[in-house]
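Asks: got a predicted model here, sequence first, then my questions.
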Amino acid sequence: MKYNHVLALNPYYKDSTSALGLFPPTGLEYIATSMKDLVEKITLMDLRHEKELQNINNLNEFIRKEIDLICISITWNFNFKEICELICKLPDDIPVVVGGHKATEDVEYIFNKCPTIDVIIRGEGDETIKEIVKGVPYKDILGISYRENGKIVHNQNRPLCDINTIPFPDRSLRKNSYQLALHGINLTNLTFDTILTTRGCPYQCKFCTMSLNPLGQKREYAERSLESVIEELKTITADVVLFSDDNFFTNPKRSEKLCDLIIENNIKKAFAVQTRIEIARHPVLLEKAEKAGFKLFLVGIESPHDRILKQLQKGFTQDKIREAFNVLNNYNFYIHGYFIYGNISETEDEMVYIADFAKELHLDTISFQKLRIDKYSPLKETVDKLPGYYYDKNGGALYSDRFSPKDLKRVRNKIKSRFYDFEQIRHIVSKAWRIGLIKKSDLIMFFFSLPLLLFRVLKREVLKKVRSKEPGFVVRIFRFYQTS
């Protein structure tokens, strides 16, 4: 074996959705599992759960003692600058391989920014990492970029592999469980995990690049065998499992069969799925899903307005959305709706109506994101021809002469406050309790954790003001507290 001890590192840990601790770094776990039989030892390290090793000196001390290959996942735009700075501080005598969505998008930039990086895996890395750890010469490995004689060499892209040849994550490599945590405080007793049963999506929504990898390669819809899915589910100990498929119900007959197998194998979990409104056409499947333990539906609605739905090529209208929710609301599912605001030519009133429309549909919770124009977005060509519209060329939120980023933030806050009023908060707790998504012990733990959480949030905000040298009465008190 070429390598004795490999570190598979998730470097994200600062305040963000990705740092909440709710779900594991699944992509990195796939990579670790793919190479586990080809190296002597693997340490899968999630910095969200390694407080001491968040200090770069402590991390480097561990690496120098133990590690002879470092594999890092760079997935998100969030904290990208800080992740690059961390990588630059790693020992320069130990090979560093990075991969992930963001790494694939910004290969040249990352190489220039991080001289410690030896190889970047572009696109899906399950097969590529095997060849790297086997010691195959870099020139013969598809899907990588690497340094050679002071230059960057880009090998040809690797064809997408058969989903059924990819081993599912070995959860015994984990050092911790995953819970809902904020500022280091666990808010419930529930544990969380994810499972991927398909890759790709057959739909052609114009805003979405989820069926493309960061190289622009189309990942055709592909299904894992149901026997493999059940085998993996039996290895999961978490209370709540998210099916992270782009659309779990793409093949209703397959989904129905999986529900039957979950029931037959007596797998007791609370399941969450991403879906489209078309699921409402299948009442038998909905009944089986409810019986099998499916509790949370994450539904892509995107807009209340027919004009924008057509622009985004969603394939349905406002009336069809209403019809679907007339059906879905008859079942005991907690329903979360996804929306997009800041669309082309969208007015402020149209954006704010998202909150009203969501209430009319009786959605339990919603999230709303600015329209993003990624590198391979089908909307990119359209936006490039429109005067007065702008976005980060590396993939960023759309803004315009009419709505600046500051204006969009103001509109976002307006939608949020309009939807999440006191009555909606009461409804959320009541619904989650009624359908068994939360239990008495979770509520008790949450309310006991709340004072400490509020204190830590207040402390963080005060420290921000201290560091920004904006002393006020509260800040002066806090400074006195610090020095006394």
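Replies: Received the coordinates, thanks.

Asks: what helices and strands are in contact with the lengthiest strand in the chain?
Replies: With secondary structure taken from DSSP state E, the chain has its longest strand at strand 185-195. In terms of contacts (3 or more CB pairs under 8 Å, 6 or more residues apart in numbering; DSSP states H and E), strand 185-195 is packed against strand 179-182, helix 226-233, strand 240-243, helix 440-467. From N, CA and C alone the C-beta is placed, and that goes for glycine too.

Asks: lowest average pLDDT across the ones you listed?
Replies: The minimum mean pLDDT among the helices and strands packed on strand 185-195 belongs to helix 440-467 (a mean of 65).

Asks: which residues does Glu108 contact?
Replies: Ile152 (CB atoms under 8 Å, 6 or more residues apart in numbering).

Asks: quick one: it from Asp118, how far?
Replies: Glu108 is 15 Å from Asp118, where distance means CB to CB, to the nearest Å.

Asks: what is the neighbour count of the nearest residue to Leu142 once chain neighbours are set aside?
Replies: Leaving aside its chain neighbours, Leu142 sits nearest to Arg158 (3.9 Å; criterion: CB to CB, 6 or more residues apart in numbering). Neighbour count of Arg158, defined by other CB atoms under 10 Å: 21.

Asks: got the contact list for the very next helix or strand once past the longest strand of the chain?
Replies: Following strand 185-195 in sequence order, the next helix or strand is strand 198-199 (DSSP states H and E). Residues from elsewhere that reach strand 198-199 (CB under 8 Å, 6+ apart): Ile163, Arg219, Tyr221, Ala222, Glu223, Arg224, Asp245, Asp246, Phe248, Thr250.

Asks: mind checking which of the residues you listed land in strands?
Replies: Secondary structure assignment by DSSP E places Ala222, Glu223 of the contacts of strand 198-199 in strands.

Asks: flag the least confident of the contacts of strand 198-199.
Replies: Minimum pLDDT across these falls on Arg219, with 69.

Asks: pull out the buried positions in the helix or strand harbouring Lys409.
Replies: Per DSSP H and E: Lys409 is located in helix 405-419. Neighbour-count burial for helix 405-419 flags Leu408, Val411, Arg412, Ile415, Arg418, Phe419 (criterion: 16 or more other CB atoms under 10 Å).

Asks: which of the residues in the next helix or strand after it are buried?
Replies: Heading C-terminal from helix 405-419, the first helix or strand you meet, by DSSP H and E, is helix 422-434. Across helix 422-434, burial judged by 16+ other CB under 10 Å covers Gln424, His427, Ile428, Lys431, Ala432.

Asks: could I get the average pLDDT for helix 422-434?
Replies: Here helix 422-434 scores 92 as its mean pLDDT.

Asks: next, Thr33: phi, psi?
Replies: In terms of degrees, to the nearest 10, the main-chain angles of Thr33 are phi -70, psi -40.

Asks: contact partners for it?
Replies: Pro167, Phe168, Pro169, Asp170, Leu173.

Asks: let me know the pLDDT of Asn77.
Replies: 80.

Asks: surely it is in contact with Gly100?
Replies: No: counting by CB atoms under 8 Å, Gly100 is not a contact partner of Asn77; they are 11.4 Å apart.

Asks: most neighbours among the contacts of strand 198-199, please name it.
Replies: Counting neighbours by other CB under 10 Å, Phe248 leads the contacts of strand 198-199 with 25 neighbours.

Asks: follow-up on the earlier one: Asn77 and Gly100: who's more crowded?
Replies: Ranked by neighbour count (other CB under 10 Å), Asn77 and Gly100 place Gly100 first, with 22 against 16.

Asks: residues contacting the more buried one?
Replies: Going by CB under 8 Å, 6+ apart, Gly100 touches Gly27, Ser73, Ile74, Thr75.

Asks: and the pLDDT at the residue nearest to the last one when sequence neighbours are not counted?
Replies: Leaving aside its chain neighbours, Thr75 sits nearest to Gly100 (4.2 Å; criterion: CB to CB, 6+ apart). On pLDDT, Gly100 comes in at 93.

Asks: now swap in the one 3 residues further on and tell me
Replies: Each residue has a pLDDT score; the one for Ala103 is 92.

Asks: with the one 10 residues further on instead?
Replies: Per-residue confidence (pLDDT) for Lys113: 95.
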